[in-house]
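*Asks:* Make a model of this:
(2 chains, ligands or ions: 2)
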There are 2 protein chains.
Amino acid sequence: MNSLKIRFTENEMKNEKTPAEQLVFGTKFTDHMFVADYTEGTGWHDHRIVPYQALTLDPSASILHYGQTVFEGMKAYLSEDGIVRLFRPEQNMKRMNISADRLSMPQIEEELALEALKQLLEIDKEWIPKEQGTSLYIRPFMIATEAHLGVSASKTYTFIIIMSPVGSYYKEGIHPVKILVESEYVRAVAGGTGTAKTAGNYASSLKAQEVADREGYAQVLWLDGLERKYIEEVGSMNVFFKIDGEVVTPALNGSILDGITRKSIIELLKYWGVPITERKVSMEEIREAFLNGKLDEAFGTGTAAVISPIGELRWKGELFYVNNGETGELSQKLYETLTGIQRGVIEDPFGWVVELKK
Amino acid sequence: MNSLKIRFTENEMKNEKTPAEQLVFGTKFTDHMFVADYTEGTGWHDHRIVPYQALTLDPSASILHYGQTVFEGMKAYLSEDGIVRLFRPEQNMKRMNISADRLSMPQIEEELALEALKQLLEIDKEWIPKEQGTSLYIRPFMIATEAHLGVSASKTYTFIIIMSPVGSYYKEGIHPVKILVESEYVRAVAGGTGTAKTAGNYASSLKAQEVADREGYAQVLWLDGLERKYIEEVGSMNVFFKIDGEVVTPALNGSILDGITRKSIIELLKYWGVPITERKVSMEEIREAFLNGKLDEAFGTGTAAVISPIGELRWKGELFYVNNGETGELSQKLYETLTGIQRGVIEDPFGWVVELKK
Ligand SMILES: Cc1ncc(COP(=O)(O)O)c(C=O)c1O
Ligand SMILES: Cc1ncc(COP(=O)(O)O)c(C=O)c1O
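*Replies:* Numbering: from 1, shown residues only, chains lettered A, B, ... in the order given. Ligands and ions are numbered 1, 2, ... in the order given. The predicted model follows:
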């Protein structure tokens, strides 16, 4: 960790800020960004914080053709008393390196990246919205930049952190959504890239999401690519079910993302003494639980929404309702506890929160 | 088709050409490129041929995060008498639209794209190498450009054609390569994006290729992602086997690419009256054919190499040799016929070749 390595060029033209209630996810960015370049043989170099600006890429740059890229998504929260908080940011940097390895990309310098992020947050602190439910979304990503059409790992890369103020995910309070169980398209399969946060997984998911949108569903639920029986994820969230008092979530099976919210919920439930099992969960099991009146709760988990309760699932034409379409007690409690810890209003017994010095 | 729609800006600074024997695949580009932009609601606009130049993209551009991109690969050949030839170019434009559909991207204007390509070839004709075995590699591609981090289809796209002179694939004549059968990583699975020419498939393949390189193999052979039994493709080529006099190739099963070379070989074999079957081909079948002395020939097929004979396969530690590591008779005949048709030295009974007016 060497903060002196980071050069700073100030943005002379400060961007105008959007009022919190008008923010649209991921469309407005702060005044600065962090950038570092990688060259095979030399390693990472030219670490810098510069004005947010367009990237120039050769038309043959490998990212544009062969998709060598990985990213992360995290949030910073600003409290009333001016403290900036991050939630388990070291987990994101660590996961970025797991993703990078799968994509034959170089490892980022985790501690330096975190230090760079902290400096960037300090510089653009005014951009963090304070309003209830708002936050600053942080997007670290790495792209392959070599100008070469051969199908091989790039020899040069750029690592970038951009930040975007985001409004409240739940403008009218947390509420359940309708989910379509996807039977045709597959998100990922073991041996593929499902465990990595990489572009191809998201590109592949758009077609199914289009169908869900058209039919009035918020997200798709992905089934395994082999037997099309077992539950994987919901949209770009992990998923949990409470069945007959027991909480279950699909185990990390080599095709789903190891979500940081997922991991935190498992730790929190264990801390509370609530039974939680990571295992295979089939749609048939969900169907039976519903028919027997034992499908207590269901919810997606991820950085964006934290907890997204599921009120209805459609599978092969059948409809399964969860908790009368209302947010369940456990979902609500998890949401309040996690967001409370993230914002520093609930005690953090796990050491998850990183506070920036004022 | 409206050639007047294409604006032309000449490159005042002509690039220096590399001697044919020094050309490295996909590293040197011609003086110009074709570009068109797409905006939701408006459609395609600003069709132009401009100097080859860097692209500028917002750091939040969707291609960089969610991989919405498709591409094609084709070649132009220049004969001694100055005629430029393309091989089934309409098939590439058609396939690009099949890929685009899978990735929730807009359809390109196939005829206009072909017309644009012809104009670009005329302008950069001097860049097409003439030497035996050389050609001009053509890379049409489309990228999602919207500056938005939401996981949804972009509202804006750019379609680009770049061209790169390439040297002879076989400097010392066509010869067989060693192939490693991949048992850990998976290229694609039905319901995924395997039938589309899109970045994620190639990003996902790099890790396995790294292992193959390290162990002295030229390419990997991909097995199906479900049972890991059936043959899919070889590297980024389709694959054929001649077993006991019969030619077989994996059927289009929803996870392999519908290769234009593959399609042409099937048509050519049928024309010749050689039995050819598209069906499931298992590694066990290849193993048995080898053990019984019936593995006559094996070869990969694709635009880059046309035919790439396979001399050795390694599967779970076992080695299967094909035709004593020599190029088979049929492989050789297919190579000569196809490249002959492409270069205009062998009659084209199929109407595959498109000649540009001199
Ligand atoms: C595919 C996918 N699954 C799950 C998640 C949830 O991960 P996390 O809780 O780390 O945000 C994400 C990211 O948000 C994701 O993209
Ligand atoms: C994955 C893959 N398979 C097969 C092929 C062969 O296709 P074609 O014969 O159209 O070049 C290609 C492209 O060259 C490819 O990228």
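*Asks:* Residue A:222 is in contact with residue A:187, correct?
*Replies:* Yes. At 4.3 Å, residue A:187 counts as touching residue A:222 under the criterion of C-beta atoms under 8 Å. Quick note: C-beta positions are derived from backbone N, CA and C, even for glycine.
*Asks:* for ligand 1, what are the nearby residues on the stretch 101-250 of chain A?
*Replies:* A:197, A:233, A:236-238 (C-beta under 6 Å from any ligand atom).
*Asks:* And these, which is closest to residue B:129?
*Replies:* residue A:197 (41.5 Å; C-beta to C-beta).
*Asks:* Identify the residues contacting that closest one.
*Replies:* Counting by C-beta atoms under 8 Å, 6 or more residues apart in numbering or on different chains, residue A:197 makes contact with A:70-73, A:95-96, A:99, A:257.
*Asks:* quick one: which of those has the most company?
*Replies:* residue A:70 (29 neighbours; other C-beta atoms under 10 Å in any protein chain shown).
*Asks:* what's the closest non-adjacent residue to that residue?
*Replies:* residue A:99 (3.9 Å; C-beta to C-beta, 6 or more residues apart in numbering or on different chains).
*Asks:* One more: residue A:123?
*Replies:* Residue A:123 sits nearest to residue A:32 (C-beta to C-beta, 6+ apart), 5.5 Å away.
*Asks:* again with residue A:165
*Replies:* residue A:129 (5.0 Å).
*Asks:* how many other residues sit next to the residue nearest to residue A:123?
*Replies:* So residue A:32, with other C-beta under 10 Å, has 26 neighbours.
*Asks:* Just confirm it contacts residue A:12, I think it does.
*Replies:* No. The criterion here is C-beta under 8 Å, and residue A:32 misses it with residue A:12 at 11.5 Å.
*Asks:* Now for these two: what residues contact both?
*Replies:* residue A:51.
*Asks:* Secondary structure element for residue A:287, which one?
*Replies:* helix A:283-291 (DSSP states H and E).
*Asks:* Checking the helix or strand that that helix is followed by against chain B, do any of its residues make contact.
*Replies:* Sequence-wise, the next helix or strand downstream of helix A:283-291 (DSSP H and E) is strand A:295-302. No. Strand A:295-302 stays clear of chain B (C-beta under 8 Å from any C-beta of the partner chain), getting no nearer than 10.9 Å.
*Asks:* Which strands or helices does strand A:295-302 pack on?
*Replies:* strand A:238-243, helix A:260-272, helix A:283-291, strand A:306-315, helix A:329-342 (3 or more C-beta pairs under 8 Å, 6 or more residues apart in numbering or on different chains; DSSP states H and E).
*Asks:* Pipe these into CSV and attach mean pLDDT, distance to ligand 2 and mean neighbour count per row.
*Replies:* Compiled in CSV, the helices and strands packed on strand A:295-302 are given as follows (pLDDT from 0 to 100; distance: least, C-beta to the nearest ligand atom, whole Å; neighbours: other C-beta atoms under 10 Å in any protein chain shown):
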stretch, mean pLDDT, distance to ligand 2, mean neighbour count
strand A:238-243, 98, 31, 24
helix A:260-272, 98, 33, 18
helix A:283-291, 98, 32, 17
strand A:306-315, 97, 33, 23
helix A:329-342, 97, 42, 19
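*Asks:* Tell me which of those sits nearest to chain B.
*Replies:* Proximity to chain B (C-beta to the nearest C-beta) singles out strand A:306-315 among these, at 13.8 Å.
*Asks:* and that closest one, what does it pack onto?
*Replies:* Going by 3+ C-beta pairs under 8 Å, 6+ apart, strand A:306-315 lies up against strand A:177-181, helix A:283-291, strand A:295-302, strand A:318-321, helix A:329-342.
*Asks:* Name the strands paired with it and say parallel or antiparallel.
*Replies:* Paired neighbours of strand A:306-315 in the sheet (DSSP bridges): strand A:177-181 (parallel), strand A:295-302 (antiparallel), strand A:318-321 (antiparallel).
*Asks:* right, is it up against ligand 1?
*Replies:* No. Shown here: strand A:306-315 not in contact with ligand 1 (C-beta under 6 Å from any ligand atom), separated by at least 8.5 Å.
*Asks:* Distance from the chain centre to that strand, please.
*Replies:* Distance of strand A:306-315 from the chain centroid (C-alpha atoms, centre = their mean, to the nearest Å) equals 18 Å.
*Asks:* same thing with stretch A:186-202?
*Replies:* 14 Å.
*Asks:* So for it, mean pLDDT?
*Replies:* Taken as a whole, stretch A:186-202 has an average pLDDT of 97.
*Asks:* what's the span of that stretch from first residue to last?
*Replies:* 11 Å (C-alpha to C-alpha, to the nearest Å).
*Asks:* Contact residues of the stretch 201-350 of chain A facing chain B?
*Replies:* Going by C-beta under 8 Å from any C-beta, the residues of the stretch 201-350 of chain A near chain B are A:201-207, A:209-210, A:225-226, A:235-236.
*Asks:* Quick check: residue A:199 touching residue B:103?
*Replies:* No. Counting by C-beta under 8 Å, residue A:199 stays clear of residue B:103, with 11.0 Å between them.
*Asks:* quick one, what contacts the closest residue to ligand 2 within the stretch 101-250 of chain A?
*Replies:* In the stretch 101-250 of chain A, the residue that lies nearest ligand 2 is residue A:151 (7.8 Å; C-beta to the nearest ligand atom). By C-beta under 8 Å, 6+ apart, the residues touching residue A:151 are A:66, B:202, B:205-206, B:209, B:235-236.
*Asks:* Likewise for residue A:347?
*Replies:* Neighbours of residue A:347 in contact, by C-beta under 8 Å, 6+ apart: residue A:341.
*Asks:* What does the closest residue to residue A:186 other than its chain neighbours show for phi and psi?
*Replies:* Spatial nearest neighbour of residue A:186, chain neighbours left out: residue B:191 (3.4 Å); criterion: C-beta to C-beta, 6+ apart. Main-chain torsions, residue B:191, degrees, to the nearest 10: phi 100, psi -20.
*Asks:* how close does residue B:191 sit to residue A:126?
*Replies:* 46 Å (C-beta to C-beta, to the nearest Å).
*Asks:* Between the two, tell me which one has more neighbours.
*Replies:* Counting neighbours by other C-beta under 10 Å for residue B:191 and for residue A:126 shows that residue B:191 has the greater number, 22 against 12.
*Asks:* I'd guessed the more buried one sits against residue B:226; true?
*Replies:* No. In this structure residue B:191 lies outside contact range of residue B:226 using C-beta under 8 Å: 10.5 Å.
*Asks:* Quick check: neighbours shared by the two?
*Replies:* Contacts common to residue B:191 and residue B:226, judged by C-beta under 8 Å, 6+ apart, are residue A:225.
*Asks:* pretty sure residue A:270 is touching residue A:276, no?
*Replies:* Yes. Between residue A:270 and residue A:276 a contact is recorded at 6.3 Å, counting by C-beta under 8 Å.
*Asks:* ok, back up a step: which SS state does the residue of the stretch 101-250 of chain A closest to ligand 2 fall under?
*Replies:* Classification of residue A:151 by DSSP: H, G, I helix; E, B strand; the rest coil places it in coil.
*Asks:* I figured residue A:94 hits residue A:111, correct?
*Replies:* No. Residue A:94 is beyond contact range of residue A:111, at 10.8 Å (criterion: C-beta under 8 Å).
*Asks:* Pick out whichever of these two has more residues nearby.
*Replies:* Counted by other C-beta under 10 Å, residue A:94 and residue A:111 do not tie: residue A:94 has more neighbours, with 16 against 12.
*Asks:* how many neighbours does residue A:170 have?
*Replies:* By other C-beta under 10 Å, neighbour count at residue A:170 equals 15.
*Asks:* Identify, by residue count, the longest helix of chain A.
*Replies:* Secondary structure of chain A per DSSP state H: the longest helix is helix A:199-214.
*Asks:* How about residues contacting the helix or strand that it is followed by?
*Replies:* Next along the chain after helix A:199-214, taking DSSP H and E as the criterion, comes strand A:219-223. The set of residues external to strand A:219-223 that reach it, using C-beta under 8 Å, 6+ apart, is A:177, A:179-183, A:185-188, A:205, A:208-209, A:211-212, A:229-235, A:237, A:239, A:283, A:300, A:313.
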